[in-house]
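Trainee: dropping the sequence and predicted coords here.
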Amino acid sequence: MLTARSVEKITVVVVVVILGAALAVMVRSAPVALLLAALVVTVSAGMDLVLRGEARYHPTPDLFILPSAVVVGGVLFISLLASGVSIVLGLAALAALLFAIFWAELARIAAGSSGTSRQAAETALAVTGYVAAFMLYAAVYQARTRSLLSAPAIIAITFALAARQLRLAHAPPTGDEEPVVPGWPRTLMYSAAVALAAGEITWALNYWPLHGLLGGAFLLAAFYFLIGVFSQHLMQRLSGRLVAEYGAVAAAGALLVTAAGLLRRGG
């Protein structure tokens, strides 16, 4: 549960990051890379500051992936929007996403092995991870750079986000024990598999003139399927029915994107 002190810390961090993000959106030139690096450091340090007061807090590298990805993806995605009201709304949505991440991480740590609270927090983090993936995918795809540049960028993005998503998957606890988080070797191996698949898909998509949002959505559908399958496997719950469910959702999304792309091209 959030205390007044925690809310105060989170608010300060989010406000500082959003002000920096607004500046980065307005710059739209080479120095934006330096601003993004500064924002990543700021949000990571802020996450550590907020969580350090929790007794169960044990910092791991993957803990800072999601807030960093949301900040970078948010700035790049908002830069694609038209100026004015849409940018303001985009910055407000970015602030809400950051606040949700901080809240979920606090709730997850405070809940310990408690089922309902921890599950709700991890679900919020997983959903936010998909949002971050979409923003980054759309921004990279909209740049329409050559596959030699876009594919490695997608691979790096997917590898980092997949590592965070898979670390949220764990075997169900027995009794009052903490959930068993998958070890780094398996996490990195599965993350690499997901990332390489995303890179291959990006290479193929670059031959099809999709809009950035549609290209990002197509990549998100593939990411959703792969992460879903590997996560269920890590939680020892994978079955043919679940594979079919994830496949059906991903296929439906890919078909909708394909239809939208064809209609846009035909129009």
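Mentor: That came through, no problem.

Trainee: for residue 105, grab the count of nearby residues.
Mentor: Neighbours of residue 105 under the rule other CB atoms under 10 Å: 22. To be clear about C-beta, it is placed using only N, CA and C from the backbone, and glycine gets the same treatment.

Trainee: what does residue 130 give?
Mentor: Count around residue 130 with other CB under 10 Å applied: 15.

Trainee: one more: residue 41?
Mentor: 12.

Trainee: where does it land on pLDDT?
Mentor: Residue 41 carries a pLDDT score of 95 in this model.

Trainee: quick one: it is in a helix?
Mentor: Yes. Using DSSP: H, G, I helix; E, B strand; the rest coil, the assignment for residue 41 is a helix.

Trainee: for residue 196, which non-adjacent residue is closest in space?
Mentor: Closest residue to residue 196 apart from its sequence neighbours, by CB to CB, 6 or more residues apart in numbering: residue 155 at 6.7 Å.

Trainee: how about the one you found, secondary structure?
Mentor: Assigned by three-state DSSP, the conformation of residue 155 is helix.

Trainee: next up, the contacts around it.
Mentor: Counting by CB atoms under 8 Å, 6 or more residues apart in numbering, residue 155 makes contact with 195, 196, 198, 199.

Trainee: got a quick ChimeraX command for the buried subset of these?
Mentor: The ChimeraX selection below is limited to those of the contacts of residue 155 classed as buried (16 or more other CB atoms under 10 Å):
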select :195,198,199
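
Trainee: helices - which of the contacts of residue 155 land there?
Mentor: 195, 196, 198, 199 (DSSP state H).

Trainee: show me what contacts the last one?
Mentor: Spelled out, it's residue 199. By CB under 8 Å, 6+ apart, the contact list for residue 199 reads 151, 152, 154, 155, 158.

Trainee: next: the third one.
Mentor: Applying CB under 8 Å, 6+ apart, we find residue 198 in contact with 154, 155, 158, 219, 222, 223, 226.
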